[in-house]
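J.: Generate coordinates for the sequence data below:
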Amino acid sequence: MSTSLARTLRNVWKSGLKRSLRQIALLDDTKSGILVGQDDFGNKYYETDHPSEIHLRTRWVEYKDFWGKDASQMEPGWHYWLAYGTDTPPSALKPEEKAIRHSTLAVHQPNLTHTKGAYVPYNTAKPKLTSWEPKVGIRG
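T.: Numbering: from 1, shown residues only. Have a look, this model is predicted:
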């Protein structure tokens, strides 16, 4: 049996069929790991220490909304942990160790890039080039 197939079957057994099918639908390797924590948005963060796992691929997030993934719906502390900035996940920090946001939005505003609601800057500079406009007249 190939190592990829054996690894996939092992992880399906550990993770369960529902999580494995969800990860296979994402065209991602089926991973099994330990649930490290969950943020206020409902995203779940996992980590594995299996020796066959490639370095820097041992932490991942499963977004609450399967079809509408939005990285802006990830708290900064969890983003820092996912990027290997620290080995201590935010769920393991004491309340006095957690960073306090000085300004927070009451309601999360989603990232509108590539949608009709995306920000488009208005250009106020006069163009340096103009297009040629032919003028037709009667010669006489």
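J.: Helices of this structure, start to end?
T.: Remark: helices assigned in the chain by DSSP state H are 3-15, 17-25, 76-82.
J.: what's the spacing between the closest residue to residue 7 other than its chain neighbours and residue 8?
T.: Leaving aside its chain neighbours, residue 7 sits nearest to residue 52 (6.5 Å; criterion: Cβ to Cβ, 6 or more residues apart in numbering). Every residue, glycine included, has its C-beta placed from N, CA and C. Residue 52 sits 12 Å away from residue 8, going by Cβ to Cβ, to the nearest Å.
J.: Pick out whichever of those two has more residues nearby.
T.: residue 8 (17 against 9; other Cβ atoms under 10 Å).
J.: By mean pLDDT, point me to the weakest helix or strand of this protein.
T.: Every helix and strand of the chain was ranked by mean pLDDT, DSSP states H and E. The lowest is helix 17-25, at a mean of 68.
J.: Need the winner for burial among the helices of the chain.
T.: Most buried of the helices of the chain, by mean neighbour count (mean count of other Cβ atoms under 10 Å): helix 76-82, with a mean of 17.
J.: about what we covered before: select, out of the helices of the chain, the one closest to residue 62.
T.: Comparing those by their distance to residue 62 (Cβ to Cβ), the top pick is helix 17-25, with 7.5 Å.
J.: end to end, how far does stretch 53-68 reach?
T.: Start to finish, the residues bounding stretch 53-68 are 27 Å apart (Cα to Cα, to the nearest Å).
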